[in-house]
Every structure is written in C-alpha cells, then in structure tokens.
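Visitor: missing the sequence, but the structure's below:
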C-alpha cells in the first residue's frame, strides 16, 4: 500500500539550511554537496508537524494524521483562483499548505467582491482555509532566496504565474531539482507551459472562450449559432476546473513518485502542466468526436441541452424570491421510463407511445414536449411541482438562491455548509473573532474528518513561525528583513 508519510527528523536541523546572521548572499541549501548528500539532507529536515494559526507547532492530532495527504507539504505560490483552489483541495485532505504572498498587498483575492468588517473578502477566508500565510517579497533577491530554502523542504510547488516567471526568478525546476530531486512542480496557466500560445497570459474568461465552452452557452439564433453574446456562468468556471485538474494531477504525481521510489528508481520529481483551456476541453463531452465523425458544430441551446429530451428549466408561479417573475424548477425526464412517468403525472400520456419511446425519437418532438411540461408547471408553485415529481420518481430540483442553499436541510445534514472561525484584528490592532460560512470538504471519504480547521489567515500570520522553525532565522534577522520590506 502506498503512503505519503515519511520518516522525519528535527525541524530545526540547520545543516546547510539555516540562514547565516546578516545577509546570506544567495547561499543555496546543499551547495557544494553531492546529489546523495543533498537528498539525505532533504530527508533529515522534512518536518510534518501541524501548525495551527494561533498556537504554533504541535504534534499532529490523530484525526489530522488520518487525512489522506497528511505528511505532504505544498508551497503555494499562486494567487486569485486556479492555483489557490488546488491548494484548498489539497489542504482539506491533510496537506500542509504554506502560502507565499506579497508583503503589502497579499493575494489580490483578499479584497475581491464583498468585504468583511476587517476589509478582507469572505471568499478569501474560504479559499485560503487551512493555509499558512507567509509574506515574502519575490521581487527582491533576498526574498527569492528565502523561498528557495523553503522549497527545498517541500514536496510540491504549486503556482499559476505566467509561464516563464519562476524561471525568471531562478525558482523553476532546473533551479530547484538539484537541491530537492523529488520536488513536484504543479503549474497552472492559461494555455500550458509549451506551444505557440504558452507565453500568453490567460484568465478563465478568455480561456473558456478559446476552449469552445462559451460558444455553446447562450441562446440559439435559429440556425445553430449564437443569438447575441454568449452567456457566462456567474463564476470563474475555468479557474475552478483547472484547480481540480491541478489537485488531481498533484496526487497522481505523488503516487508516481512513491511508486518509483518503491521500485528503486532515482527519478522522483515531476512537472504537472495544467492548462485552463485544456481543463475546460476535458469537460466538453462528445463535442470533438461528434464534429470529427459527423461534421456537427454544436451551438448554444438556451436552458436545455442539445440532443437530450426532456431536460430543461420550467417556469412556475412566482414566489417570494422571484417577485412578479416566474420561479423555476429543473426537471430531468430524459430516461425512457422516467419520461413515461413524467407524462402520466402531467396528464399528457398522448405524448407517449412508439413516436416517443426513445430519446432519439423525442428529440424530433422537443418543442411539443417542452411546451406541454411548461404549460403544466406554470400553473403550479415550485413546491407543488417538486412534491408531484418526487411522488412520481422524476428527478426535479428548484433553481435555488444562495440563501436557499445555505438553509438546505439536505446540505446541512451532510455537513456541506460549515461555520469556520476567523481570527483577525480590527484597525486598532485588537483581536477579533467571528465565524464565516463556507462549503465543506468534497468528496466525502468514509471515516475521514476533513472539515476546515481554520479560515484563511491574516496576511503574514505565519511568517515568523515558518521562518524561525523551518529556516532557523533569529529575531535580529527577522527584524532586518521586516525593516527592508522583504517579509511582513
């Protein structure tokens, strides 16, 4: 059985890793040592303790040690969504996430959208859950040397900078693998690390367009094309998809490294190359093979989905959330037996029989079927439609607002909504605490307590702790680095 846990040595072992007093002039851990010596040093200095945001280092609790990624250390150098979302997923399942942020501003997501009473985005508190914030200025050479020393003691570097940025900072694979041959680089970018578009910056919105995803979202013009601009989901789906792929790829690389070691291979580290465009492409179902074999260019389909009938959003009587507008339910009646039950429930058994037996036949009668369902739902409330569909065994769900999601009996019963404590300070420097609701940890693993341990920390909350314990910096060294703006 493969395990990510390792034997560990003293966290304060400073053989070649401790910073000298004063300026250390770019000394690299293990410099002048053989590859074998470097690897042995790396193994001795790995530290697998869990550090809470307010208590410093402590022994791993039994629950933490049971998490699947316990013992894996990730240096997160990403910002905004794609890279940090991957870090969130890895951290939820036990990986130690050390998040590097700019000293004065931190991750820009700290001040995106709604801001809490302390001026920090609740969204950041969620995506940075279970992470340790270390504020180091990567624009300064001395800051990059600090990060380099931390990287030597990690399993994974997670980043979503423009391709070439880490290399420009001398923090790329060729720079760090000599000192930690087992280091895994998980790199998220718009178009990937290679190819003619690789060097381009890429945000999720742009990459969703380039992947073909935006073209199929919107309302059809009658000829299969878009009637007006494509409709964007009101989230950065491309970023989250890339984050999922990055987390998955990281776990694959860890498994591969462990397998290689068990087989006596000297090759350990790897690069996980995640493209937002390709992550979206991975979700495009049969669009490419259908085009290749049939020449079909799938276009937008409004609130339905091409070639599957009936599945759509149907209007109901207005409710308190919709005002004078209809409220909506989504009904999935596209299974053959489910379709028959649906038609019986809405008293339209005339739309069953040989012409409607299979999905491929129903597609030819889509408008007739959809109109019949809409006529029935529009005379009923959402609750009435849901009750009758549930009784008939037809999949149905309300188009819920976030208020309804947070209050959902089902989601709360499964712990899908969690209240997590925020520890912060007010403008006067006084400590304050409150809770923020956030999504739980998914998927649910039997017997594993992967609830969020703490909300995203204040900027630099763990800088001194990490630099003291991992790099052996003394008080006077930390004071100088702060004065010069290298850390915060």
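Guide: Yep, that arrived. Treat the numbers as computed from the prediction; the structure is a model and nothing was measured.
Visitor: C-alpha only now, for contacts and for neighbours.
Guide: Will do.
Visitor: any idea how far residue 236 lies from residue 204?
Guide: In this structure, residue 236 and residue 204 are 6 Å apart, going by Cα to Cα, to the nearest Å.
Visitor: So which of the two has more stuff around it?
Guide: Higher neighbour count among residue 236 and residue 204: residue 204, with 23 against 15, using other Cα atoms under 10 Å.
Visitor: Surely that one and residue 241 touch.
Guide: No: Residue 204 is beyond contact range of residue 241, at 9.5 Å (criterion: Cα atoms under 8 Å).
Visitor: shared neighbours, those two?
Guide: Common neighbours of residue 204 and residue 241, counting by Cα atoms under 8 Å, 6 or more residues apart in numbering, are residue 276.
Visitor: And stretch 272-280, how far out from the chain middle?
Guide: Centroid separation for stretch 272-280 versus its chain: 13 Å, with Cα atoms, centre = their mean, to the nearest Å.
Visitor: which residues touch it?
Guide: Residues outside stretch 272-280 that contact it (Cα under 8 Å, 6+ apart) are 184-193, 202, 204, 207-208, 210-211, 213, 238-239, 241-242, 245-246, 249-250, 253.
Visitor: The same query, at a cut-off of 7 Å, please.
Guide: Residues from elsewhere that reach stretch 272-280, judged by Cα atoms under 7 Å, 6 or more residues apart in numbering: 185-193, 204, 207-208, 210-211, 238-239, 241-242, 245-246, 249-250.
Visitor: hey, where'd the helices end up in the stretch 151-300 of the chain?
Guide: 165-168, 173-176, 204-210, 237-262, 276-281, 287-294 (DSSP state H, counting those that start in this stretch).
Visitor: out of these, nearest to residue 346?
Guide: Closest to residue 346 of the helices of the stretch 151-300 of the chain, according to Cα to Cα: helix 287-294, at 33.1 Å.
Visitor: Which elements pack onto the helix or strand following that closest one?
Guide: Next helix or strand after helix 287-294 toward the C-terminus (DSSP states H and E): strand 311-316. The contact analysis (3 or more Cα pairs under 7 Å, 6 or more residues apart in numbering; DSSP states H and E) places strand 311-316 against strand 327-332, helix 366-377.
Visitor: if we go to 6 Å?
Guide: The criterion is 3 or more Cα pairs under 6 Å, 6 or more residues apart in numbering; DSSP states H and E, and the helices and strands that strand 311-316 contacts are strand 327-332.
Visitor: Walk me through which strands the strand it packs on pairs with, and which way each runs.
Guide: With DSSP bridges as the test, strand 327-332 is paired with strand 311-316 (antiparallel), strand 396-398 (antiparallel).
Visitor: returning to that earlier point: taking the helices of the stretch 151-300 of the chain together, which one is wrapped up most tightly?
Guide: Burial of the helices of the stretch 151-300 of the chain is given as mean neighbour count (mean count of other Cα atoms under 10 Å); helix 276-281 ranks first at a mean of 25.
Visitor: I'd like the mean pLDDT over that helix, please.
Guide: Here helix 276-281 scores 98 as its mean pLDDT.
Visitor: chain center to it: distance?
Guide: Relative to its chain's centre, helix 276-281 lies at 14 Å (Cα atoms, centre = their mean).
Visitor: still on that earlier bit, which one of the helices of the stretch 151-300 of the chain lies closest to residue 70?
Guide: Evaluated with Cα to Cα, these place helix 237-262 nearest to residue 70, the distance being 12.2 Å.
Visitor: just the strands in the stretch 51-200 of the chain please.
Guide: 56-58, 73-76, 96-101, 131-135, 156-159, 184-189 (DSSP state E, counting those that start in this stretch).
Visitor: Now the ones you listed in CSV, please, with extra columns for distance to residue 311 and mean neighbour count.
Guide: CSV is the format used below for the strands of the stretch 51-200 of the chain (distance: least, Cα to Cα, whole Å; neighbours: other Cα atoms under 10 Å):
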stretch, distance to residue 311, mean neighbour count
strand 56-58, 52, 12
strand 73-76, 41, 25
strand 96-101, 41, 26
strand 131-135, 41, 27
strand 156-159, 39, 26
strand 184-189, 34, 26
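Visitor: secondary structure class for residue 423?
Guide: Following DSSP: H, G, I helix; E, B strand; the rest coil, residue 423 is assigned to strand.
Visitor: again, but for residue 450
Guide: In the three-state summary, residue 450 is assigned as coil, counting by three-state DSSP.
Visitor: State the distance from it to residue 69.
Guide: When distance is defined by Cα to Cα, residue 450 is 11 Å away from residue 69.
Visitor: list the residues that contact both of these two?
Guide: Common contacts of residue 450 and residue 69, defined by Cα atoms under 6 Å, 6 or more residues apart in numbering, comprise residue 93.
Visitor: ok so, going back, let me know which of the helices of the stretch 151-300 of the chain is the nearest to residue 431.
Guide: Among the helices of the stretch 151-300 of the chain, helix 237-262 sits nearest to residue 431 (Cα to Cα), with 32.7 Å.
Visitor: Report the mean per-residue pLDDT for that closest one.
Guide: Helix 237-262 shows a mean pLDDT of 97.
Visitor: tell me the centre residue of the chain?
Guide: residue 85 (2.6 Å; Cα atoms, centre = their mean).
Visitor: Distance of the residue lying closest to that one once chain neighbours are set aside relative to residue 326?
Guide: Closest residue to residue 85 apart from its sequence neighbours, by Cα to Cα, 6 or more residues apart in numbering: residue 243 at 5.3 Å. Going from residue 243 to residue 326 by Cα to Cα gives 35 Å.
Visitor: swap in residue 459?
Guide: Counting by Cα to Cα, the gap from residue 459 to residue 326 is 44 Å.
Visitor: Count the neighbours of residue 333 for me.
Guide: For residue 333, using other Cα under 10 Å, the count is 23.
Visitor: Beta-bridge partners for residue 314, please?
Guide: residue 329.
Visitor: In this structure it contacts residue 375, no?
Guide: No: using Cα atoms under 6 Å, residue 314 makes no contact with residue 375, being 9.0 Å away.
Visitor: Give me the more crowded residue out of those two.
Guide: Between residue 314 and residue 375, counting by other Cα under 10 Å, residue 314 is the more crowded of the two (24 against 14).
Visitor: ok, now which ones touch that one?
Guide: With Cα under 6 Å, 6+ apart as the criterion, the residues that contact residue 314 are 328, 329, 374.
Visitor: So for residue 439, what's the nearest residue that isn't a sequence neighbour?
Guide: Spatial nearest neighbour of residue 439, excluding adjacent residues (Cα to Cα, 6+ apart): residue 417 at 4.8 Å.
Visitor: Pull up the gap between that neighbour and residue 452, please.
Guide: Going from residue 417 to residue 452 by Cα to Cα gives 11 Å.
Visitor: And residue 161, by the same measure?
Guide: With distances taken as Cα to Cα, residue 161 is found 26 Å from residue 452.
Visitor: got a list of contacts for stretch 114-124?
Guide: 109, 110, 111, 112.
Visitor: got the buried residues for it?
Guide: Neighbour counts over stretch 114-124 (16 or more other Cα atoms under 10 Å) mark 120, 121, 122, 123, 124 as buried.
Visitor: So which of those residues are in helices?
Guide: Residues of those located in helices (DSSP state H): 122, 123, 124.
Visitor: Between these, which sits nearest residue 350?
Guide: Using Cα to Cα, these come closest to residue 350 at residue 123, 50.1 Å.
Visitor: Counting neighbours around each, name which of residue 417 and residue 452 comes out higher.
Guide: A side-by-side neighbour count of residue 417 and residue 452, using other Cα under 10 Å, places residue 452 first with 22 against 19.
Visitor: List the contacts of the more buried one.
Guide: Shown in contact with residue 452 (Cα under 6 Å, 6+ apart): no residues.
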